[in-house]
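Undergrad: Show me the folded form of this:
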Amino acid sequence: MLLSRAHPLKERSEGMTIQTSLHLLISADAIEARVRAMADEIHRDHPDGVHLVAVLKGAFVFLSDLARAMPGRCSLDFMAVSSYGTSTRSSGQVQLLKDLESTLEGRDVVIVEDIVDTGLTLNYLQHILRARSPRHLRTACLLSKPSRRQVDVTVDYIGFEIEDRFVVGYGLDFAEQYRNLPYIAVLDGPPR
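TA: The predicted structure follows:
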């Protein structure tokens with residue numbers, strides 16, 4: 001689904017200009033349709049309601065659209081973790097930056113992730129949230145990169161499987177930029 005038309009951008013970084021380009025990977029319309037289908041799948045598995053736990057910052061757009069598409073009851077909470085910093089590759093070390101504000105005990109919980117790459121962050125989250133005794137713990141991710149997995153993790157609802165490319169848009173960023181794009185694009189050109 002990669003389009004040949006690139007959108008060249010010039011980024012300034014520490015006094016240097018870096019040439020980058022964006023290539024559309026997944027359109028806004030395709031994302032909208034898949035998110036609605038995922039909401040239906042989650043509702044089918046949790047007809048009495050679900051507690052969605054979004055991983056900030058990247059999953060906030062996905063969570064917003066997913067929650068609005070949910071046909072049943074849902075409640076929301078947020079966690080913040082970091083494993084990337086300003087790099088395009090995971091450091092492999094996960095830091096918990098913000099914990100939940102509500103209890104999970106006895107609830108049907110779905111972790112809402114923007115992307116599952118190495119699996120290290122999701123593995124960490126699943127481990128600490130499972131210890132809080134939810135009735136069910138499942139995971140929904142918008143994007144999955146199975147070729148990058150370093151650990152086996154269960155992902156119950158997957159929006160799209162993608163190749164090992166650095167992507168931005170629809171909540172995903174590079175150095176806090178591009179989250180506002182309504183589509184997913186491959187970012188070519190930044191230093192690794």
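Undergrad: in this protein, which spans are helices?
TA: Secondary structure of the chain (DSSP state H): helices at 28-45, 60-69, 120-130.
Undergrad: Quick check: mean pLDDT of the shortest one?
TA: In this case it means helix 60-69. Averaged across helix 60-69, the pLDDT comes to 97.
Undergrad: Give me the angle between that helix and helix 28-45.
TA: With axes from the mean of the first three to the mean of the last three Cα atoms, to 10 degrees applied, the angle from helix 60-69 to helix 28-45 works out at 60 degrees.
Undergrad: what residues does helix 60-69 touch?
TA: By Cβ atoms under 8 Å, 6 or more residues apart in numbering, the surrounding residues in contact with helix 60-69 are 31-32, 35-36, 38-40, 42, 52, 54, 74, 76, 78, 112, 114, 140, 142, 159, 170-171, 179. The C-beta positions use only the backbone N, C-alpha and C, and glycine is treated the same way.
Undergrad: Buried residues of it, list them for me.
TA: F60, V61, F62, L63, D65, L66, A67, A69 (16 or more other Cβ atoms under 10 Å).
Undergrad: nearest to S147, of these?
TA: F62 (21.3 Å; Cβ to Cβ).
Undergrad: Which residue lies closest in space to the residue sitting nearest the centre point of the chain, excluding its sequence neighbours?
TA: Centroid-nearest residue in the chain: D114, 0.5 Å away (criterion: Cα atoms, centre = their mean). Nearest non-adjacent residue to D114, counting by Cβ to Cβ, 6 or more residues apart in numbering: G58, 3.5 Å away.
Undergrad: Ok, V55 next?
TA: In space, V55 is closest to E113, 5.1 Å off (Cβ to Cβ, 6+ apart).
Undergrad: who's the one you found bridged to?
TA: Under DSSP bridges, the beta-bridge partners of E113 are C141.
Undergrad: Could you check how far M79 is from E113?
TA: 10 Å (Cβ to Cβ, to the nearest Å).
Undergrad: cool, L25 as well?
TA: 18 Å.
Undergrad: higher neighbour count, the two?
TA: Summary of the neighbour comparison: L25 and E113, criterion other Cβ atoms under 10 Å, with E113 having more neighbours (26 against 22).
Undergrad: Tell me the pLDDT of the more buried one.
TA: You'll see E113 listed with a pLDDT of 96.
Undergrad: so where's this structure uncertain?
TA: Along the chain, the model assigns pLDDT under 70 to residues 1-19, 83-92, 190-192.
Undergrad: how about the strands in the protein?
TA: 6-13, 16-26, 50-56, 74-82, 95-98, 108-116, 136-144, 157-161, 167-168, 184-188 (DSSP state E).
Undergrad: Let me know which of the helices of the chain is the nearest to V94.
TA: With Cβ to Cβ as the criterion, V94 lies closest to helix 120-130 of the helices of the chain, at 4.4 Å.
Undergrad: Can you name the residues in contact with that closest one?
TA: 53, 55, 79, 81, 83, 90, 92, 94, 96, 104, 109, 111, 113, 116, 137, 139, 141, 150-151, 153-155.
Undergrad: let's go with 7 Å and repeat that
TA: Contacts to helix 120-130, defined as Cβ atoms under 7 Å, 6 or more residues apart in numbering, come from residues 55, 79, 81, 83, 90, 92, 94, 104, 109, 111, 113, 116, 137, 139, 150-151, 153.
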